[in-house]
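Participant: The following comprises the amino acid sequence and a computationally predicted model.
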Amino acid sequence: MSEIQLTSDHAKRLDEVGLLNNGVVVAKVGFAFELYLSNSQAVATRLALCKILREYHALFHGQLSHYLKVDANRLTMIDGEAYLDYFDEKASTISPDEPMDAMVFGYPDKKIVDKPQALAISFTASGPERLFPHGNSSICAYFPCSFIVEKGYHYFRDLVGRWCSMVDAVHGGAGFSVLFEHGFFSGSSGERLPYRL
């Protein structure tokens with residue numbers, strides 16, 4: 001079997017692909033990093049997740065447009081790097097008994113659109129529960145195909161390895177993926193799309 005390299009032109013075209021369900025874009029294609037972790041009630045783990053968020057911000061500086069504050073139900077426009085300090089402060093002060101969530105998006109032209117974005121990162125940090133003895137904590141980051149081609153797959157692999165080493169990883173995966181909206185739950189109408197593909 002021969003190896004096929006993803007060219008810059010192909011990657012840019014893939015960045016524009018939208019997977020439809022009843023005429024609505026419910027997924028895109030790109031690269032994803034998704035990791036499930038334990039010990040997320042600890043301040044050190046939550047600060048490590050915030051550090052990963054800072055690194056993601058540095059990779060896509062100027063392209064990230066909105067974030068969701070803890071316990072908020074509407075997005076706030078990003079203005080510089082102050083939102084990163086906001087998440088650091090929350091990670092340091094929220095009780096270990098309370099979960100902490102963070103979501104950051106990069107919308108085109110900084111206008112919110114109701115469809116998946118290839119620039120998005122989110123995490124949930126919560127402690128152990130009866131049904132989830134390790135906790136129900138995860139971090140998920142998306143990357144456009146063109147970014148991976150520009151940086152090289154080895155760069156992505158090394159980045160993922162470093163991020164995994166910063167937290168207590170339980171399991172996860174990284175690579176070429178179908179990208180859904182962050183906060184997408186199985187059981188919604190788009191769930192069957194990957195199976196058809």
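Facilitator: Noted; the coordinates are in hand. None of these values were measured; they are calculated from a predicted model. Numbering: from 1, shown residues only.

Participant: got the buried residues for the longest helix along the chain?
Facilitator: Scanning the chain for the longest helix, with DSSP state H as the assignment, gives helix 43-59. Applying a neighbour-count criterion of 16 or more other Cβ atoms under 10 Å, one finds Thr45, Arg46, Ala48, Leu49, Cys50, Lys51, Ile52, Leu53, Tyr56, His57, Leu59 buried in helix 43-59. To be clear about C-beta, it is placed using only N, CA and C from the backbone, and glycine gets the same treatment.

Participant: just stretch 166-184 next, same as before
Facilitator: Buried, per 16+ other Cβ under 10 Å, within stretch 166-184: Met166, Val167, Asp168, Gly172, Ala174, Ser177, Val178, Leu179, Phe180, Glu181, His182.

Participant: same deal with stretch 19-37?
Facilitator: Buried residues in stretch 19-37, counted by 16+ other Cβ under 10 Å: 19, 25-33, 35-37.

Participant: hang on, the earlier thing: what's in contact with the longest helix of the chain?
Facilitator: Helix 43-59 is contacted from outside by 37, 39-40, 64, 81, 84, 87-88, 91-92, 94, 96, 100, 102, 104, 121, 123, 125, 137, 139, 141, 147, 159, 163, 166-168, using Cβ atoms under 8 Å, 6 or more residues apart in numbering.

Participant: do stretch 164-175 as well
Facilitator: Here stretch 164-175 has contacts from 31-40, 45, 48-49, 51-52, 134, 138-139, 156-157, 160, using Cβ under 8 Å, 6+ apart.

Participant: which ones among the residues you listed are found in helices?
Facilitator: Counting by DSSP H, the contacts of stretch 164-175 contribute Thr45, Ala48, Leu49, Lys51, Ile52, Phe156, Arg157, Val160 to helices.

Participant: At which residues are the strands of the protein located?
Facilitator: For the chain, applying DSSP state E gives strands covering 18-21, 24-38, 66-68, 76-77, 100-105, 120-125, 137-143, 168-179.

Participant: Can you add distance to His10 and give those strands back as a markdown table?
Facilitator: Below are the strands of the chain laid out as a markdown table (distance: least, Cβ to Cβ, whole Å):
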| stretch | distance to His10 |
| --- | --- |
| strand 18-21 | 16 |
| strand 24-38 | 11 |
| strand 66-68 | 29 |
| strand 76-77 | 33 |
| strand 100-105 | 25 |
| strand 120-125 | 22 |
| strand 137-143 | 15 |
| strand 168-179 | 12 |
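
Participant: related to what we said a few turns ago, I'd like the ones in helices among the contacts of stretch 164-175 laid out as TSV, including pLDDT and distance to Lys110.
Facilitator: Listed next are these as TSV, based on pLDDT from 0 to 100; distance: Cβ to Cβ, whole Å:
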residue	pLDDT	distance to Lys110
Thr45	95	31
Ala48	97	28
Leu49	97	25
Lys51	98	25
Ile52	98	23
Phe156	96	26
Arg157	95	31
Val160	96	28
